[in-house]
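Novice: Predicted coordinates and the sequence they were generated for:
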There are 2 protein chains.
Amino acid sequence: MTQPIRIERTTNPKPRPKASELGFGKYFTDHMFILDYDAGLGWHDARIVPYQPITLDPAAKVFHYGQTIFEGLKAYRTEEGKIVLFRPDMNMKRLNRSNDRLSIPAVDEALGLEALRQLVQVDQDWIPDAPETSLYVRPFVISTEAALGVSPSLQYKFIIIMSPVGSYYSEGIKPVSIYVESDYVRAVAGGVGHVKTAGNYAAGLKAQEGATAQGCAQVLWLDGVHRKYVEEVGSMNVFFRLGDKIVTPALTGSLLPGITRDSVIHLLRHWGLEVEERLVTIDELVEAQKDGSLKEIFGTGTAAVISPVGSLYWKGEKLTIGNGSTGEVSARVYETMTGIQTGRLEDPFGWRVSVE
Amino acid sequence: MTQPIRIERTTNPKPRPKASELGFGKYFTDHMFILDYDAGLGWHDARIVPYQPITLDPAAKVFHYGQTIFEGLKAYRTEEGKIVLFRPDMNMKRLNRSNDRLSIPAVDEALGLEALRQLVQVDQDWIPDAPETSLYVRPFVISTEAALGVSPSLQYKFIIIMSPVGSYYSEGIKPVSIYVESDYVRAVAGGVGHVKTAGNYAAGLKAQEGATAQGCAQVLWLDGVHRKYVEEVGSMNVFFRLGDKIVTPALTGSLLPGITRDSVIHLLRHWGLEVEERLVTIDELVEAQKDGSLKEIFGTGTAAVISPVGSLYWKGEKLTIGNGSTGEVSARVYETMTGIQTGRLEDPFGWRVSVE
């Protein structure tokens, strides 16, 4: 049986930020969920408490050896006023795959889902209701044992915090420029690129700086072995419309199996489109751009849902994708995904989970 | 001019652990150094304060995106009672190379060295004096801004903590068994394997579990591209005595440029031995073991200084190195390195830095 969750409500609620000020991950709600792990005791003391600082020994392993993982999902308030989460079971499953890779003990998935539900309910007034806003939910695990030996921690905390987030596209969905990265590598098979662990993101910052310097919004990552297979865009999965087909890089072990990626593949196939998960080289994309068969590129992820790509910078050349504006499939996928997520459209796949 | 360091001494010193109980990184001294960074202000407020917990927002970037780096070095008390550090300038230089790769602002190296000196002086009674014990010093930087956007933090803390550590070889230097890892990969060129960032260590834990399950002490890492070039052993650099030469893997971009590695290369060449830094395949090692030309293997690192390897497990086979005991060069390097570090031997290279 799943352990009970103790709830301690704040006596000092914070002021709510305006919808126009939200941005991404800048404001946090009144409460957080905490679950402790101690070797011998297991995961214990599930509680929802007022949002508060964490106090750790400076020798806590998370600071030194990076044994930590996270997840990200969104809660929405539907037009009828219901609160829904999008496929939270997928996040809890991936959380435990990440835990396994990082030698962190598994969390009870039923408890994790119950914690998500109860925390969202407690802070439901924090779910913004302006168009395309949502409540971003961030479960994460940190290793807290104060010891400098390089070995799995004997203590952890599983925490969930939440942040009301604004529309990613305040002026409507808009294509971005992408810098094809040929020096830095995000991940390699045998490593940790297929799970959500902190180090993957820190390692990508330097390449992002280079992309920004070139006037690009994101990096297109190539594989670390052959330096030619396309893997991800920024911290999103990536899709290509090549002629009549939609192609997305296969999960070769260095890519994150995105939940938006999985949902978009289902949706496209549901529409009768052909989707191929396979290796895609940058050379294939460049040729297809030149012969006109590369019609669209878009990224997929929890934060932006869909991010259309207007151009690629590769070897000093700017390659315009399609006519440089949001493609037909990108726009349809964006409208449908956000429609299903927010309850504006029917959900033929059973992806929405009601929090009540 | 380097900024002054404020010192606040503890009024509540901790009991000292017995030399026999020290282990590695389990006990911490009475004081720590802290330096804050805020965008716009730069690094400021250098201080030595009583060892104390760190309080961070649960959204602090270090927990989510792993933007953190560290160093490790040792302080010794010589037989004449002087306090010495081993090549601390090398640690400060590498710290800033790590900072650069992780998009963390550079720390003033002179201030870092002064902080090391003053902190070691303040806690000098913590330097253990039993044979082969030392004071392990751990400088590290964590990103502390409370924000979930994937971008470099606008706030950091540079902290130094110290731990009295026991003899790595309580029963004398002893060779270990090594498991040649063929599934997991530590790092790849273009990534972060050449700098000391937390994520590298978390990613290696799973392979270490596998090595332990096979009765081995450590993993021998192969490169992530060809899966055949030897890179590191556990979290140490590695050396091979092949016939008359000493060979160590070249710094191809995925290996840590160890300070012990650098020192050992200098020492061996000083002795007139031929040292090659080049690519080394596992197949070359297996062949050399079979024809008898692979005489010795040893790891090098700050914690163990020298770790001789007695056997390799590869493809289900146990390959004994030399006669399975500590080799002649390994033993001589260990005696000389620890002799120079602790002041027992002359220091022809000027590596010891007096703290007074």
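Specialist: That came through, no problem. Residues are numbered from 1 along each chain as shown, chains lettered A, B, ... in the order given.
Novice: Run through who's touching stretch A:79-86.
Specialist: Applying C-beta atoms under 8 Å, 6 or more residues apart in numbering or on different chains, the external contacts of stretch A:79-86 come out as A:73-78, A:116-117, A:120-121, A:124, A:127, A:137, A:259, A:340-344, A:351-356. Where C-beta positions appear, they are placed from N, C-alpha and C, glycine not excepted.
Novice: Buried ones from these, can you make that a ChimeraX selection?
Specialist: Buried subset of those, written as a ChimeraX selection, criterion 16 or more other C-beta atoms under 10 Å in any protein chain shown:
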select /A:73,74,75,76,77,116,117,120,127,137,259,340,341,342,343,351,352,353,355
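Novice: Correct me if wrong: residue A:195 contacts residue A:97.
Specialist: Yes: taking contacts as C-beta atoms under 8 Å, residue A:195 lies within contact range of residue A:97: 6.1 Å.
Novice: out of these two, which sits in the more crowded spot?
Specialist: More crowded of residue A:195 and residue A:97, by other C-beta atoms under 10 Å in any protein chain shown: residue A:195, with 21 against 15.
Novice: And stretch A:280-294, what's buried?
Specialist: By 16+ other C-beta under 10 Å, the buried positions in stretch A:280-294 come out as A:280, A:282, A:284, A:285, A:286, A:288, A:289, A:294.
Novice: Sorry, slip of the keys, the one I care about is stretch A:38-47.
Specialist: Going by neighbour count (16+ other C-beta under 10 Å), the buried part of stretch A:38-47 is A:43, A:46, A:47.
Novice: Can you tell me which of those residues is closest to residue B:88?
Specialist: Distance to residue B:88 across those (C-beta to C-beta) is lowest for residue A:43, with 41.3 Å.
Novice: how deep is the closest residue to the closest one other than its chain neighbours tucked in, by neighbour count?
Specialist: Excluding its sequence neighbours, the residue lying closest to residue A:43 (C-beta to C-beta, 6 or more residues apart in numbering or on different chains) is residue A:37, at 5.0 Å. Residues within reach of residue A:37, counting by other C-beta under 10 Å, total 22.
Novice: Spit out the contact partners of residue A:37.
Specialist: Here residue A:37 is in contact with A:43, A:44, A:105, A:155, A:156, A:157, A:158 (C-beta under 8 Å, 6+ apart).
Novice: Please pick the buried ones from the residues you listed.
Specialist: For the contacts of residue A:37, buried by 16+ other C-beta under 10 Å: A:43, A:105, A:155, A:156, A:157, A:158.
Novice: Among those residues, pick out the one closest to residue B:14, please.
Specialist: Distances from residue B:14 to the buried ones among the contacts of residue A:37, taken by C-beta to C-beta, are shortest for residue A:155, at 20.4 Å.
Novice: so what pLDDT did the closest one get?
Specialist: pLDDT for residue A:155: 98.
Novice: Distance of it relative to residue A:57?
Specialist: Separation of residue A:155 from residue A:57 (C-beta to C-beta, to the nearest Å): 10 Å.
Novice: Show me the common contact partners of the two, please.
Specialist: With C-beta under 8 Å, 6+ apart, residue A:155 and residue A:57 have common neighbours residue A:144.
Novice: can you pull out the strands in the stretch 51-200 of chain A?
Specialist: With DSSP state E, counting those that start in this stretch as the criterion, the stretch 51-200 of chain A has strands at A:54-56, A:68-70, A:73-77, A:83-86, A:134-143, A:155-165, A:176-180.
Novice: Does residue A:289 touch residue A:321 like I think?
Specialist: Yes: the criterion here is C-beta under 8 Å, and residue A:289 meets it with residue A:321 at 6.8 Å.
Novice: who touches both of those two?
Specialist: Contact with both residue A:289 and residue A:321 is made by residues residue A:312, according to C-beta under 8 Å, 6+ apart.
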